[in-house]
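[1] Provided below are the primary sequence and the corresponding predicted coordinates.
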Amino acid sequence: MDDKYYVGYNSIHKLVKSLAHRLMASGFDPDVIVAIGSGGFIPARIMKTFINRPILAVGISYYNLDQKHTTHPQKIQWIDQTEKQLKGKKVLLIDEVDDTRATLSYCVRELLTNDPKEIAVLVLHNKKKAKDAEFPKEITRYFAGIEIDDLWIKYPWDADDITDHDRNEQLMLTEYAKAGKE
């Protein structure tokens with residue numbers, strides 16, 4: 001289990017709530033949420049509970065079916081009437097994890113072509129490792145719920161057996177507590 005980091009729905013809900021408070025305390029008041037699918041869909045929907053903003057969804061693919069990186073991220077779903085939806089707006093871009101940053105950076109660059117007023121990036125987890133891409137200089141607000149080592153994150157929406165997933169999360173948290181980790 002050492003190479004995996006299990007996260008349950010309750011933990012995600014609490015993390016998004018704390019991120020919503022940090023977001024609003026920072027003075028960033030978005031007009032719209034853009035969720036990167038598929039991992040950003042559930043965190044974006046939970047965020048809507050706390051800040052009540054409309055959600056737009058985009059699909060960006062950076063992995064093959066065998067979970068290997070492709071050469072670059074690709075759009076597989078995008079926002080209808082993008083410029084109308086984003087021009088002059090404050091956009092909160094949400095994904096579940098900042099791993100290589102390639103997907104996030106690609107999506108930010110695409111969103112910037114529609115002249116938003118500002119874009120903030122929010123992720124549940126940021127992996128503490130070198131990134132393959134950087135954000136454009138226009139990104140000055142970045143919110144990460146938890147900084148973690150470069151572990152494979154097991155999110156509940158990917159679980160075949162949610163009871164087993166929750167048990168693994170509790171075992172991991174117990175191990176972390178014994179070791180004095182977060």
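    Received it, and whenever you're ready, just let me know what you need. Residues are numbered from 1 along each chain as shown.

[2] for the chain, what are the low-confidence residue spans?
    Where the chain drops to pLDDT under 70, the residues are 1-2, 62-83, 182.

[3] Contact partners for the residue nearest the centre of it?
    Taking CA atoms, centre = their mean, the centroid of the chain lies closest to D95, which sits 2.0 Å from it. Residues in contact with D95 (CB atoms under 8 Å, 6 or more residues apart in numbering) are A35, I36, G39, G40, P43, T103, L104, C107, V121, L122, V123. Using the backbone N, CA and C atoms, a C-beta is placed for each residue, glycine as well.

[4] Okay, and which of those residues map to strands?
    If you go by DSSP state E, the contacts of D95 have A35, I36, V121, L122, V123 in strands.

[5] can you list the residues you listed in a markdown table and add distance to M47 and neighbour count?
    Formatted as a markdown table, those follow (distance: CB to CB, whole Å; neighbours: other CB atoms under 10 Å):
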| residue | distance to M47 | neighbour count |
| --- | --- | --- |
| A35 | 9 | 24 |
| I36 | 13 | 24 |
| V121 | 13 | 24 |
| L122 | 8 | 26 |
| V123 | 12 | 25 |
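
[6] I'd like the contacts of D95 as JSON lines, with distance to T163 appended.
    Shown next, in JSON lines, are the contacts of D95 (distance: CB to CB, whole Å):
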{"residue": "A35", "distance to T163": "27"}
{"residue": "I36", "distance to T163": "28"}
{"residue": "G39", "distance to T163": "22"}
{"residue": "G40", "distance to T163": "25"}
{"residue": "P43", "distance to T163": "22"}
{"residue": "T103", "distance to T163": "30"}
{"residue": "L104", "distance to T163": "32"}
{"residue": "C107", "distance to T163": "34"}
{"residue": "V121", "distance to T163": "33"}
{"residue": "L122", "distance to T163": "29"}
{"residue": "V123", "distance to T163": "27"}
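
[7] What is the nearest of those to P54?
    A35 (10.8 Å; CB to CB).

[8] Tell me the bridge partners for that closest one.
    Note on A35: beta-bridge partners by DSSP bridges are A57, I94.
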